[in-house]
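**Student:** model the structure of this input:
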Amino acid sequence: MMANMTFLDVREADNWHYRGEGAANLVLAYHGCDPALIGKVLRLRKYVGNAEKISHGAKDTPILFPEEQVLWAEWPRMAAATSTAELNHAYIRDVLRPLMGDKHVDPGSLVDVSRSFVEALNRNIAHRRPAWRAETGSLIVSSGIGLLISDHSSFSIPRDILTELPPTITVEIKPKCGFLPVSPVIKEENLIKTTVSRFAMHQTLKLLQGKIKHISKYSPLDLFSGSESGIYKAICDLFMTPQNNLRIFCNGKEVYGDFDGSSTSPVDARVQLEYVLNEFLPSGAEGPVVSFQKLISHLLFRSNILKKLLIVQKLDAIDVEGSIQAYDKFLKHLKSSAPPLGAQESPLNGPVTATTGSPPQQTKLVNGTPHVNEPGKHTKVPHTFEECRTILRDFLISATAKDCGIMLTLLPMMADDISLPGSNVVTYSGRQYLHKVHLLDLDVKQLKKLPHYFQLDEEIVTAYRSSSSAC
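**Tutor:** Numbering: from 1, shown residues only. Okay, here's the model as predicted:
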């Protein structure tokens with residue numbers, strides 16, 4: 001897979017400013033004059049010293065392990081990817097975008113980056129990174145490929161009207177799993193999972209581990225309830241206990257988020273947010289924060305993004321307790337002497353597929369929404385190789401949907417003639433708002449992590465069960 005743009009000149013690094021980073025990737029925003037790059041961010045992989053190497057072979061060796069190449073064989077661009085950037089680009093474009101739509105999923109574009117360019121970036125941003133992040137790793141200077149994505153936290157507005165506009169507000173939400181499993185393979189002692197949300201149970205474990213100071217009031221079941229009133233309740237609860245599930249930015253600067261790790265009290269944080277929102281929202285008796293909560297809820301409900309995300313989450317039809325059984329059987333099938341794919345061969349025995357192609361043809365429409373497999377089709381413990389393969393793919397896709405983020409960006413309108421691609425205008429409480437909704441953090445999940453997911457699930461249920469019995 002070839003990139004269509006190249007960053008080679010060290011001087012170009014001066015135009016890229018630090019925006020933020022997660023555990024595995026770092027994001028930089030463009031501040032130069034190139035029209036092709038204005039409104040773009042560059043996502044690069046970090047090198048974490050104690051982590052496994054990102055590639056387990058030479059540069060031209062597929063990054064997926066052989067068993068993963070079998071799993072994703074119908075998506076040849078994934079199977080042929082030789083870098084993490086290529087893999088995630090193919091996954092987002094060929095797997096997730098058909099499921100959740102072009103409007104909310106942006107795969108971006110692959111770009112070549114030179115070693116000298118990345119080394120210059122490392123030097124330029126060193127003083128901008130939080131100390132605890134800098135300790136986790138630097139950018140990989142030899143990866144050679146990055147991902148260029150539209151900056152969904154802002155709008156590309158003509159400069160002649162930019163100074164006339166109020167601040168852009170961006171809301172980031174980590175929604176988590178929005179349904180209760182109904183799988184018949186869940187063990188009797190774990191049936192609490194069918195009545196209490198995974199998020200609520202995980203809060204108990206995090207509290208016992210000292211990772212949080214207070215149990216969150218938020219419930220993903222409210223957010224994914226399908227009603228605007230349920231979404232509003234969830235948003236209000238997120239404002240009470242945001243933890244890492246809610247962050248609000250004004251022109252790219254965080255103005256509201258997790259209080260537990262900061263010196264700012266919840267009261268002071270709310271006062272600061274009210275100050276920012278006073279310029280953003282029309283004054284009313286209920287106050288700017290309540291008005292903002294209602295606006296967010298209305299836009300999320302109107303966008304249908306939660307409905308689409310929930311359908312993809314529900315591809316996990318038999319819960320991790322069933323998927324771990326499929327995982328064990330899948331690996332046993334691969335170790336057997338007979339090629340498991342019929343006429344095709346496993347990568348353990350030979351090539352699976354060509355290195356080019358298009359997404360699989362079995363994608364179906366379910367209630368008007370495209371799906372890799374029909375929800376509910378596999379609800380029992382799988383036995384055949386193909387059943388195991390399908391269950392595992394569905395589980396990993398679902399895991400991405402459960403762990404992704406939602407970015408809602410909005411801007412009050414002062415002019416009636418602004419029209420921007422990828423955004424919408426809505427009238428709320430007598431004022432027009434330009435807004436757009438996108439999904440973030442859509443990286444593919446590794447098959448080898450499934451035993452970890454199963455073990456974590458056991459720990460979560462055990463902690464909650466023990467805590468409940470002690471009360």
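
**Student:** what strand or helix carries the closest residue to residue 197 other than its chain neighbours?
**Tutor:** Using Cβ to Cβ, 6 or more residues apart in numbering and skipping the chain neighbours, the partner closest in space to residue 197 is residue 221 (5.3 Å). Heads up, the C-betas are built off the backbone N, CA and C, glycines and all. Using DSSP states H and E, residue 221 maps to helix 220-223.

**Student:** tell me the mean pLDDT over that helix?
**Tutor:** Helix 220-223 shows an average pLDDT of 98 in the prediction.

**Student:** then stretch 178-190?
**Tutor:** Stretch 178-190 comes out with an average pLDDT of 94.

**Student:** could you dump it to CSV, C-alpha only?
**Tutor:** Output of stretch 178-190 as CSV, limited to C-alpha atoms (Å, rounded to 0.1, in the frame of the first residue of the first chain):
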residue,chain,number,x,y,z
GLY,A,178,-24.0,0.2,25.7
PHE,A,179,-25.8,-3.1,26.1
LEU,A,180,-26.3,-6.0,28.4
PRO,A,181,-25.2,-9.4,27.0
VAL,A,182,-27.8,-12.2,26.6
SER,A,183,-25.5,-15.0,25.6
PRO,A,184,-26.6,-18.5,26.6
VAL,A,185,-22.9,-19.4,27.2
ILE,A,186,-22.5,-17.1,30.2
LYS,A,187,-21.8,-19.1,33.3
GLU,A,188,-24.4,-19.2,36.0
GLU,A,189,-22.1,-17.5,38.5
ASN,A,190,-21.6,-14.6,36.0
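
**Student:** residues in contact with it?
**Tutor:** 193-197, 220-221, 223-224, 306, 309-310, 313-314, 316-319, 321-322, 325, 379-381, 461, 465 (Cβ atoms under 8 Å, 6 or more residues apart in numbering).

**Student:** tell me which of those fall in helices.
**Tutor:** Mapping the contacts of stretch 178-190 onto helices (DSSP state H) picks out 220-221, 223, 306, 309-310, 313, 319, 321-322, 325, 461, 465.

**Student:** any chance of these in JSON lines, plus neighbour count?
**Tutor:** JSON lines is the format used below for the ones in helices among the contacts of stretch 178-190 (neighbours: other Cβ atoms under 10 Å):
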{"residue": "220", "neighbour count": "23"}
{"residue": "221", "neighbour count": "18"}
{"residue": "223", "neighbour count": "28"}
{"residue": "306", "neighbour count": "23"}
{"residue": "309", "neighbour count": "22"}
{"residue": "310", "neighbour count": "19"}
{"residue": "313", "neighbour count": "24"}
{"residue": "319", "neighbour count": "23"}
{"residue": "321", "neighbour count": "19"}
{"residue": "322", "neighbour count": "23"}
{"residue": "325", "neighbour count": "18"}
{"residue": "461", "neighbour count": "24"}
{"residue": "465", "neighbour count": "16"}
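
**Student:** chain center to the helix or strand containing residue 146: distance?
**Tutor:** For residue 146, the host element (DSSP H and E) is strand 145-150. Mean-position distance between strand 145-150 and its chain equals 15 Å (Cα atoms, centre = their mean, to the nearest Å).

**Student:** for that strand, packing partners?
**Tutor:** Applying 3 or more Cβ pairs under 8 Å, 6 or more residues apart in numbering; DSSP states H and E, we find strand 145-150 packed against strand 40-47, helix 84-91, strand 109-113.

**Student:** neighbouring strands for it, and are they parallel or not?
**Tutor:** Applying DSSP bridges, strand 145-150 is found paired with strand 40-47 (antiparallel), strand 109-113 (antiparallel).

**Student:** list the buried residues for the shortest one?
**Tutor:** Right, the one you point to is strand 109-113. Within strand 109-113, the residues that qualify as buried are 110, 111, 113, counting by 16 or more other Cβ atoms under 10 Å.

**Student:** and the first one, how far from residue 19?
**Tutor:** By that I understand residue 110. Distance of residue 110 to residue 19, computed by Cβ to Cβ, to the nearest Å: 19 Å.

**Student:** please look at the residue nearest to residue 197 and residue 195 and confirm they touch.
**Tutor:** No: the criterion here is Cβ atoms under 8 Å, and residue 221 misses it with residue 195 at 10.8 Å.

**Student:** please name the residues that touch residue 30.
**Tutor:** 15, 16, 37, 38, 39, 40, 41, 42, 151.

**Student:** could you list the low-pLDDT ranges of the stretch 301-450 of the chain?
**Tutor:** The stretch 301-450 of the chain contains residues with pLDDT under 70 at 337-380, 414-423.

**Student:** can you pull out the strands in it?
**Tutor:** 364-366, 369-371, 405-412, 424-428, 431-440 (DSSP state E, counting those that start in this stretch).

**Student:** could you do the stretch 51-200 of the chain as well?
**Tutor:** Under DSSP E, counting those that start in this stretch, the stretch 51-200 of the chain gives strands at 109-113, 138-139, 145-150, 169-173.

**Student:** can you give me the mean pLDDT across the second one?
**Tutor:** Yep, that's strand 138-139 we're talking about. 64.

**Student:** could you do the last one as well?
**Tutor:** Along strand 169-173, the predicted confidence averages to a pLDDT of 95.

**Student:** hmm, who's touching it?
**Tutor:** 153-154, 223, 238, 245-250, 252, 276-277, 280, 296, 405-411, 440.

**Student:** any of those residues buried? List them.
**Tutor:** 153-154, 223, 238, 245-250, 276-277, 280, 296, 405-411, 440.

**Student:** no more questions from me, cheers.
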